[in-house]
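J.: here are the coordinates; sequence isn't available:
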């Protein structure tokens, strides 16, 4: 192809805009409007007409339009038709039945406000541990428990199984000694798995033996500190056994044709299932020892539902009485806790047995301080203050079960009964832990009086005040008592010598103080915490509690000017010496600030405090910090920077940004945000001055521009720098800083050769050419309005950019370079117009500077010819079979560019466009639909004024079909 000279088409942008604007067509909808509410009725319909639309179905009782889907059904709803045909009496009966069922369910099912045992399990296992050696008995039974032959008589089976149980009880066991706590837990888990395996292999007697063996372990208190955790582990096995037995009997109730209803009665259970159920209870009744007999029967308590309606209600009182035979008070109270747990799961409405367990426990409470227990503690070397908390999990659970939805009268009676007992600190603690917070809060002074009367030696008073504080965090006491309550509690707490005891209590009462008092009282409490936790660096062992205190203070002080005016708040933060903990606390403070700070601030107290906190977060960043952590920290710091505003004091605002840049130089997202903020500050200055800068504001915006120019090179991301150079250059241009704008654009051009072939996007390597193409297109649209520098010649920035594009190493199979040249051709065509498409206020672009000068146009056309030659040369190279599709697409794209921007009255350019059209279709690679639409557009444009020459062109553009 020969060289072609470019001729730009003269553009009248105003008339083009006017021709593209859609015509306004008046519409008269009458009563109809497409957004009018749709009404669907079931009444008879009739045909009506409306202006501007076809006839439609409308309700005789409404004037609004019907839903088009309902018209298919003639206004009837198929579901309504079924309901209408149903028997009204049957509907009423079903409704009444469902209501009764729902009422029954509500009374028998424990609600979500009842804390389940599963929530307490993990806490008990973590709290009650031991370093002493433990022992366990493992079952070593024979295989006699396997099913007998088909010819065996039933009496022989029963005799065999009873012999096996006797054999087990007479010593077919192996005792393992000197086990660590973890070994013990592992052995228990092995027994649990053995139980499941035995059950799965139909060895029911072996499964029962395992459960009996495990239950016996609950009578052993040789390592007394571990007993609560042992109880949790063993009862897990009992729960598994109870579930297996229940599901086994339930499966026997379900025949091939019928299913058992959810709320079945014994009449629904077949005889085989009942016989099997009775068999299980008889087996358990034959267990000689009290504790395993009690626990195993309690574990299958639910199975009584298969036998009789009153089975559970009869068994619960009997099992409650059985516990009276257990001598050890610790073993006894945990047995009561297990019975209450099973009772709440199976029959929560049967409160009588729960209450009886509680009052029975009160009768035996004095045993805890009896000689037998004291002698046992002496033998094991356990002090009373360590022994009494072992009762807490069981007692808390019993109290929780009884107090759940209990009337005020019962709770008051329980409280009075506990009050009458001596050494009642343990009871009092469980009452406050289990009773409703509102009940405790309204009687707070009564509880304080009871706490004062307690004996300090058995159960520490600070634990009682901690339990009281937990209730007051959930419910408010009477307003008149609030200060007295705080004074009474803090008198006890501040006297504590042990830092761990002190901080556990202080953590709870800080929330009460924040909730009901001012910053003065909060400051006093924080000062007291600092005083207690600073000696011997005690704070290092209490970081979780100190973090909790900070969170509670921030949760109640959303006004940060008040928060930071609390004198001891920042000294409190200084106790977080461990870097990871300190950073977490700082992050929490910043999250709260971003969430709750509604208005921008310039308060120096807030700014100094938060700058210190943000600096702490920033300084934690090192080479090992993860990218996610950096992003999180940068997001929080940027959130703070956004909320700082000095109003019209722009110089102070810039000074703040300068200080922030020096403090947060290691976090690139923060620097990017600062650059954008300074650019926005320059534009706000322009807005205030309405584009007419004074000497002072002109100097200020140049300072803003200089800030950006020296900050951008410190960034790492190549496209981040390119885009910021471009954006900052646009801001400089808008503020009439022409030389500074040129500097930004030159810096961007000089940076393009450094763009790598692959860049990291969200952890994945991707080709960079598409991003470079996007940037350059944006850059070209800016270069249109950039005036030439008087010392650098015509279009010096465009020439430099073309040289860089030419020298850049592009991928071999990439056409992005040609797409960029096509965009350059569009730019040069726009530059050759008498008036440009857009301008910047008070900046003279080249259309004003040159005024259509012939020398400028000649230079412009030369560049166009150079670019065209590059495009055509590239098209020549795409001749291989695999490149024909690309040649077709590029040829059609260049054709469209000439059509949009070239003067096709020029014969050579006209002929070039025809050649490109043929090239696009030559090898059958062109999309026929696209070619048809392009030709239709040309024909439509030929009818516009001054575009008659396109008619002839359209005749020379044939459409070829694929053969």
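T.: All right, it came through fine. Since the structure is predicted, the reported quantities are computational estimates derived from the model, not experimental observations.
J.: which residues of the stretch 151-300 of the chain fall in helices?
T.: Applying DSSP state H, counting those that start in this stretch to the stretch 151-300 of the chain gives helices spanning 154-169, 181-200, 204-216, 227-253, 271-285, 290-299.
J.: weakest of these in terms of mean pLDDT?
T.: Note on the helices of the stretch 151-300 of the chain: lowest mean pLDDT is at helix 154-169, with a mean of 51.
J.: in the stretch 1-150 of the chain, which ranges drop under the pLDDT threshold?
T.: Applying pLDDT under 70 to the stretch 1-150 of the chain flags residues 1-3, 23-110, 137-150.
J.: Put together JSON lines for the helices of the stretch 151-300 of the chain, with distance to residue 526 on each row.
T.: C-beta coordinates here come from the backbone N, C-alpha and C atoms, glycine included. Below are those laid out as JSON lines (distance: least, C-beta to C-beta, whole Å):
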{"stretch": "helix 154-169", "distance to residue 526": "62"}
{"stretch": "helix 181-200", "distance to residue 526": "39"}
{"stretch": "helix 204-216", "distance to residue 526": "50"}
{"stretch": "helix 227-253", "distance to residue 526": "35"}
{"stretch": "helix 271-285", "distance to residue 526": "59"}
{"stretch": "helix 290-299", "distance to residue 526": "50"}
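J.: May I see those arranged in TSV, with distance to residue 833 and mean neighbour count as well?
T.: Below are those laid out as TSV (distance: least, C-beta to C-beta, whole Å; neighbours: other C-beta atoms under 10 Å):
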stretch	distance to residue 833	mean neighbour count
helix 154-169	104	14
helix 181-200	84	16
helix 204-216	93	23
helix 227-253	84	20
helix 271-285	95	16
helix 290-299	92	22
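J.: wait, which of these is closest to residue 364?
T.: helix 290-299 (15.4 Å; C-beta to C-beta).
J.: picking up where we left off before, for residue 485, find the nearest of the helices of the stretch 151-300 of the chain.
T.: Residue 485 lies closest to helix 227-253 among the helices of the stretch 151-300 of the chain, at 31.3 Å (C-beta to C-beta).
J.: Now do that closest one: which elements does it pack against?
T.: Under the contact criterion of 3 or more C-beta pairs under 8 Å, 6 or more residues apart in numbering; DSSP states H and E, helix 227-253 touches helix 117-127, helix 181-200, helix 204-216, helix 271-285, helix 290-299, helix 329-346, helix 392-403.
J.: Measure how that helix sits relative to helix 181-200, angle-wise.
T.: Interaxial angle of helix 227-253 relative to helix 181-200 (axes from the mean of the first three to the mean of the last three C-alpha atoms, to 10 degrees): 10 degrees.
J.: separation between residue 797 and residue 897?
T.: 22 Å (C-beta to C-beta, to the nearest Å).
J.: Same question for residue 727.
T.: Between residue 727 and residue 897 the computed distance is 27 Å (C-beta to C-beta).
J.: Quick one: neighbours of residue 857, just the number.
T.: Number of residues near residue 857 (other C-beta atoms under 10 Å) recorded here: 14.
J.: Let me know whether it touches residue 832 as I believe.
T.: Yes. Between residue 857 and residue 832 there is a contact at 5.8 Å, judged by C-beta atoms under 8 Å.
J.: what are the ranges of the strands in the protein?
T.: Ranges of strands within the chain are 45-48, 56-59, 134-139, 173-179, 758-761, 764-767, based on DSSP state E.
J.: how about residue 451, what does it touch?
T.: By C-beta atoms under 8 Å, 6 or more residues apart in numbering, residue 451 lies in contact with 425, 428, 461, 464, 465, 468.
J.: How about stretch 748-762, which residues are buried there?
T.: For stretch 748-762, a neighbour-count test (16 or more other C-beta atoms under 10 Å) marks 748, 749, 751, 752, 755, 759 as buried.
J.: which among these gets closest to residue 317?
T.: residue 759 (76.8 Å).
J.: how about residue 618, what does it touch?
T.: 633, 637, 663, 664, 666, 667, 670.
J.: among the helices of the stretch 151-300 of the chain, which is nearest residue 494?
T.: Closest approach to residue 494 among the helices of the stretch 151-300 of the chain (C-beta to C-beta): helix 227-253, 31.1 Å.
J.: what inclination does the closest one have with respect to helix 290-299?
T.: Angle of helix 227-253 versus helix 290-299, following the same axes, to 10 degrees, is 50 degrees.
J.: Please tell me how far the residue lying closest to residue 845 once chain neighbours are set aside sits from residue 319.
T.: Leaving aside its chain neighbours, residue 845 sits nearest to residue 785 (4.6 Å; criterion: C-beta to C-beta, 6 or more residues apart in numbering). Look at residue 785 and residue 319: by C-beta to C-beta, they are 91 Å apart.
J.: Touching, residue 875 and residue 888? I think so.
T.: No. Contact criterion C-beta under 8 Å: residue 875 and residue 888 do not qualify, at 10.0 Å.
J.: Need the residues touching each of these two.
T.: By C-beta under 8 Å, 6+ apart, residue 875 and residue 888 have these common neighbours: residue 919.
J.: Now do the buried residues in stretch 430-442.
T.: Of the residues in stretch 430-442, 430, 431, 432, 433, 434, 435, 436, 439, 440, 441, 442 count as buried by neighbour count, 16+ other C-beta under 10 Å.
J.: What is the nearest of these to residue 917?
T.: Looking across the buried residues of stretch 430-442 and measuring by C-beta to C-beta, the closest to residue 917 is residue 436, at 85.6 Å.
J.: Can you give me every residue that contacts the closest residue to residue 242 other than its chain neighbours?
T.: Leaving aside its chain neighbours, residue 242 sits nearest to residue 299 (3.8 Å; criterion: C-beta to C-beta, 6+ apart). Contacts for residue 299 (C-beta under 8 Å, 6+ apart) come out as 211, 238, 239, 241, 242, 245, 342.
J.: Could you report the distance from residue 299 to residue 279?
T.: 16 Å.
J.: about what we covered before: pick the one among the contacts of residue 299 closest to residue 816.
T.: residue 239 (67.5 Å).
J.: How about that closest one: what's its closest non-neighbour residue?
T.: Spatial nearest neighbour of residue 239, excluding adjacent residues (C-beta to C-beta, 6+ apart): residue 299 at 6.8 Å.
J.: State the distance from that neighbour to residue 273.
T.: 18 Å.
J.: try residue 451
T.: Taking C-beta to C-beta, one finds residue 451 at 54 Å from residue 273.
J.: again, but for residue 537
T.: From residue 537 to residue 273 the distance is 66 Å (C-beta to C-beta).
J.: try residue 841
T.: 91 Å.
J.: Okay, now the unreliable bits of this protein?
T.: Looking at the chain by pLDDT under 70, you get 1-3, 23-110, 137-178, 254-262, 422-423, 456-458, 961-963.
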